[in-house]
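Asks: Could you look at this predicted model? Sequence included:
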Amino acid sequence: MDRRHFIRSSLASAVAASMPGSQALAASLLHVPTSVPGDINAVTGDGAAITLQRAAVQELSDSLKGRLLLPDNAAYDQARSLLQPIYDKHPAFVVQPTGAADVQNAVDFARDNSLLLAVKCGGHAAAGFSSCDKGMQIDLSQLRNARVDRAAKTARIAGGSLLGELDHEAMSHGLVTTAGTVSHTGVGGLTLGGGFGRLGRRFGMSIDNVLEMDVVTPDGKLRRASADQNPDLYWALRGGGGNFGIVTSFLFQLHEMQRDVITGYIAYPMTEARQVLNFYAEHSAKMPDEMSMGAGLGARLGSEPAVGINFVWSGAPAEADKYIEPLRTAGTVVFENVKSMDYVAVQRSGDIDDTRAFTGHFKSGFINSMSSNLIDAIVDNFEAHPERGGRVGFAQNGGAIGRVGNSETAFASRDAQYVLMSFVGWNTNNDGAEHLKYINEHWSKVHPFTNGFYVNDYFDHTQDMVKDTYGENFHRLLEIKQQYDPTNLFRLNANIKPA
């Protein structure tokens with residue numbers, strides 16, 4: 001411990017000791033900046049090696065109300081860790097901001113040093129881009145809060161919050177908004193990419209319910225983005241992913257909804273997969289906005305595969321049966337679980353089963369319609385394996401999602417009726433080469449039926465694929481990227497590369 005750090009620690013202890021009761025407790029919480037022992041080896045965004053001077057990093061640490069974590073700090077490993085253990089990355093250091101000012105200071109430092117920069121909210125990033133090797137990771141886990149205004153039907157959400165916090169606080173007032181399907185997903189990552197969820201068909205995507213955002217842009221400025229303030233940035237943030245900055249606060253529109261919903265899963269034998277998926281294609285297209293219905297085939301690791309249909313009905317309970325009962329005719333029912341359930345509990349129900357929590361690989365693409373040829377390609381190329389878990393399935397879009405124009409937000413796939421998702425997982429200690437080969441071969445057979453991809457689930461997409469996904473919106477996004485981030489500071493995403 002160097003002299004300056006010793007003096008700070010001793011001073012904080014002395015102040016605490018001299019104060020009675022609650023004053024001493026408050027003093028014990030005084031922030032003591034991390035002492036930086038020496039120069040730090042790092043890399044730029046382009047991968048070039050650089051050396052960060054100790055004094056400069058110390059100045060950054062001193063400027064923070066939150067923490068700067070070095071590899072020998074106790075909290076470093078938890079901060080850098082992502083949901084998938086396959087991504088074992090080691091940043092040069094981690095910044096844990098407690099407010100927008102800390103984010104600004106960290107962004108300024110990264111920009112001034114051309115430092116590789118990763119941003120972590122929930123750590124769900126499918127490609128592992130929430131962390132990095134030898135760059136700076138900004139971990140937003142200390143920037144969490146949800147506050148509901150019942151009269152205005154809005155929720156103010158801090159940028160590092162998890163979706164479960166939004167669901168919990170809003171539903172306590174009988175209010176909801178579309179917020180994913182896994183409660184430990186970060187609100188920032190989900191929303192900036194678009195934001196699907198069990199209520200999307202009824203209330204629109206997450207981006208359709210964002211009234212305003214406070215965002216730290218690459219120049220280190222804190223800007224308000226809304227329909228009236230910086231409208232170009234507001235447009236780009238709603239679907240443009242993490243290309244434009246770090247959102248420190250979201251204001252969401254909320255909607256009235258009863259607390260209990262009807263949810264269920266019905267399974268059928270794999271031998272009837274074609275029949276069931278063809279039924280789903282026809283039946284799901286007739287659903288009202290209050291019904292969100294998915295289907296797919298697959299198995300957990302070590303279990304036998306099956307084909308199934310899942311759903312959440314958020315409308316009047318008395319009307320549910322007429323949409324659920326036909327599912328029992330889709331094939332031979334081998335398992336059924338249909339029940340009324342607290343919506344917040346439904347939102348948490350997939351937390352353990354979230355495929356991103358396992359070592360694996362994920363593919364996704366938008367589907368405008370489910371053809372029999374697509375169903376044949378899925379079924380014919382599905383392969384069970386004793387050491388592999390996996391699933392190929394459809395999540396339903398449409399409804400309110402499709403009633404927003406493609407150019408009204410940066411998200412440009414409003415006409416897609418489904419998201420096709422394919423995942424394969426294996427035990428962390430096993431070699432995944434065989435399983436990666438399988439999913440790539442399987443996806444090559446179904447990919448021609450897709451039209452673009454969901455940027456929150458990207459892996460190795462090229463710039464041409466990003467351009468195709470955004471379609472007519474790409475050129476406007478590129479202009480805004482060049483305006484706000486000409487050096488591509490925010491590049492660990494489905495990147496829109498400035499000229």
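Replies: Yep, it's here.
Asks: quick one: low-confidence parts of the protein?
Replies: Within the chain, the stretches with pLDDT under 70 are 1-30, 352-358.
Asks: one more time with 90
Replies: 1-32, 82-87, 123-128, 299-304, 350-363, 383-390, 423-432, 435-436, 456-463, 499 (pLDDT under 90).
Asks: For the closest residue to E441 other than its chain neighbours, give me its contacts.
Replies: The spatially closest residue to E441, leaving aside those adjacent along the chain, is N381, at 7.3 Å (C-beta to C-beta, 6 or more residues apart in numbering). Where you see a C-beta, it was placed from the backbone N, CA and C, and this is true even at glycine. N381 makes contact with E441, H442, K445, V446, according to C-beta atoms under 8 Å, 6 or more residues apart in numbering.
Asks: again, but for F490
Replies: F490 sits next to L117, V119, P218, G242, N243, F244, G245 when contact means C-beta under 8 Å, 6+ apart.
Asks: quick one: which of those sit in strands?
Replies: Cross-referencing the contacts of F490 with the strands (criterion: DSSP state E) gives L117, V119 as the overlap.
Asks: closest to L199 among the contacts of F490?
Replies: G242 (23.8 Å; C-beta to C-beta).
Asks: Tell me who's in contact with that closest one.
Replies: If you count contacts by C-beta under 8 Å, 6+ apart, then G242 has V119, G188, G189, L192, F490, L492, N493 around it.
Asks: So what's the residue count around the last one?
Replies: N493 has 23 neighbouring residues, counting by other C-beta atoms under 10 Å.
Asks: Which segments of the protein make up each domain?
Replies: For the chain, whose domains are defined here by automatic domain parsing, the residue ranges read 1-30, 33-142, 146-256, 260-457.
Asks: May I see the ones you listed arranged in CSV, with distance to D464 as well?
Replies: Written out in CSV, the entries for the domains of the chain read as follows (distance: least, C-beta to C-beta, whole Å):
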stretch, distance to D464
domain 1-30, 50
domain 33-142, 17
domain 146-256, 17
domain 260-457, 12
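Asks: which of those domains is buried the deepest?
Replies: For those, the stretch with the most neighbours on average is domain 146-256, a mean of 22; neighbours defined as mean count of other C-beta atoms under 10 Å.
Asks: how far is that domain from where the chain is centred?
Replies: Between the centre of domain 146-256 and the centre of its host chain there is 12 Å, according to C-alpha atoms, centre = their mean, to the nearest Å.
Asks: same thing with stretch 266-281?
Replies: Its chain's C-alpha centre lies 30 Å from the corresponding centre of stretch 266-281 when counted by C-alpha atoms, centre = their mean.
Asks: May I have the distance across that stretch, first residue to last?
Replies: Its start and end residues considered, stretch 266-281 measures 15 Å (C-alpha to C-alpha, to the nearest Å).
Asks: distance of the residue nearest to L175 when sequence neighbours are not counted from D214?
Replies: Setting aside the residues directly before and after it, L175 is nearest to L254 in space (C-beta to C-beta, 6+ apart), at 3.9 Å. L254 sits at a distance of 18 Å from D214 (criterion: C-beta to C-beta, to the nearest Å).
Asks: quick one: the helices in the stretch 301-450 of the chain?
Replies: Assigned by DSSP state H, counting those that start in this stretch, the stretch 301-450 of the chain shows helices spanning 321-324, 343-348, 372-380, 433-446.
Asks: out of these, nearest to S206?
Replies: Going by C-beta to C-beta, the one of those nearest S206 is helix 343-348, 13.2 Å.
Asks: circling back: let me have the helices of the stretch 301-450 of the chain in a markdown table, extended by distance to A106.
Replies: What follows is these, written out as a markdown table (distance: least, C-beta to C-beta, whole Å):
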| stretch | distance to A106 |
| --- | --- |
| helix 321-324 | 49 |
| helix 343-348 | 31 |
| helix 372-380 | 44 |
| helix 433-446 | 35 |
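Asks: Is I266 part of a helix or strand, or is it coil?
Replies: Of the three states, I266 takes strand according to DSSP: H, G, I helix; E, B strand; the rest coil.
Asks: what bridges to it?
Replies: Note on I266: beta-bridge partners by DSSP bridges are I309, E336.
Asks: Spit out the contact partners of it.
Replies: I266 touches G308, I309, N310, L327, R328, A330, V333, F335, E336, N337, V338, counting by C-beta under 8 Å, 6+ apart.
Asks: let's see it at 10 Å
Replies: Contacts of I266 were listed using C-beta atoms under 10 Å, 6 or more residues apart in numbering, and they are 276, 295, 307-311, 324, 327-328, 330-331, 333-338.
Asks: Quickly name whichever of the contacts of N381 is closest to A316.
Replies: Comparing the contacts of N381 against A316 with C-beta to C-beta places V446 closest, at 36.6 Å.
Asks: re the thing from before, please identify which of the domains of the chain is closest to P486.
Replies: Closest of the domains of the chain to P486 is domain 146-256, at 8.2 Å (criterion: C-beta to C-beta).
Asks: picking up where we left off before, and of the helices of the stretch 301-450 of the chain, who's closest to Y280?
Replies: Distance to Y280, taken as C-beta to C-beta, is lowest for helix 372-380 among the helices of the stretch 301-450 of the chain, at 9.1 Å.
Asks: Please work out which residues outside that closest one touch it.
Replies: When contacts are taken as C-beta under 10 Å, 6+ apart, the neighbours of helix 372-380 outside the stretch itself are 270, 273-278, 280-281, 296-297, 307, 367, 370-371, 392-394, 418, 420, 422, 442, 444-450.
Asks: What angle do helix 433-446 and it make with each other?
Replies: 170 degrees (axes from the mean of the first three to the mean of the last three C-alpha atoms, to 10 degrees).
Asks: hey, C-alpha coordinates of helix 372-380 in CSV?
Replies: Taking Å, rounded to 0.1, in the frame of the first residue of the first chain, the C-alpha atoms of helix 372-380 are listed here in CSV:
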residue,chain,number,x,y,z
SER,A,372,-43.7,-25.8,-44.8
ASN,A,373,-40.2,-25.7,-46.5
LEU,A,374,-38.8,-23.9,-43.5
ILE,A,375,-40.4,-26.4,-41.1
ASP,A,376,-39.0,-29.2,-43.2
ALA,A,377,-35.5,-27.7,-43.0
ILE,A,378,-35.7,-27.3,-39.3
VAL,A,379,-36.9,-30.8,-38.6
ASP,A,380,-34.8,-32.6,-41.2
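Asks: Relative to the whole chain's centre, how far out is it?
Replies: Taking C-alpha atoms, centre = their mean, one finds the center of helix 372-380 at 29 Å from the center of the full chain.
Asks: and if you look at stretch 399-407?
Replies: Relative to the centre of its chain, stretch 399-407 is centred 21 Å away, using C-alpha atoms, centre = their mean.
Asks: ok, A118 touching A106?
Replies: No: counting by C-beta atoms under 10 Å, A106 is not a contact partner of A118; they are 11.3 Å apart.
Asks: any shared contact partners between the two?
Replies: Overlap between the contact sets of A118 and A106, as judged by C-beta under 10 Å, 6+ apart, is given by V94, M136, Q137, I138.
Asks: possible to save those as CSV with secondary structure?
Replies: Converted to CSV, the shared contacts of A118 and A106 look like this (three-state DSSP):
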residue, secondary structure
V94, strand
M136, strand
Q137, strand
I138, strand
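Asks: Could you single out the nearest of these to V404?
Replies: For V404, the closest of these turns out to be I138, at 30.7 Å, with distances computed as C-beta to C-beta.
Asks: just checking, next helix/strand downstream of the helix or strand harbouring V247?
Replies: Remark: V247 resides in strand 246-253, with elements defined by DSSP states H and E. Counting by DSSP H and E, the element after strand 246-253 in chain order, helix or strand, is strand 255-256.
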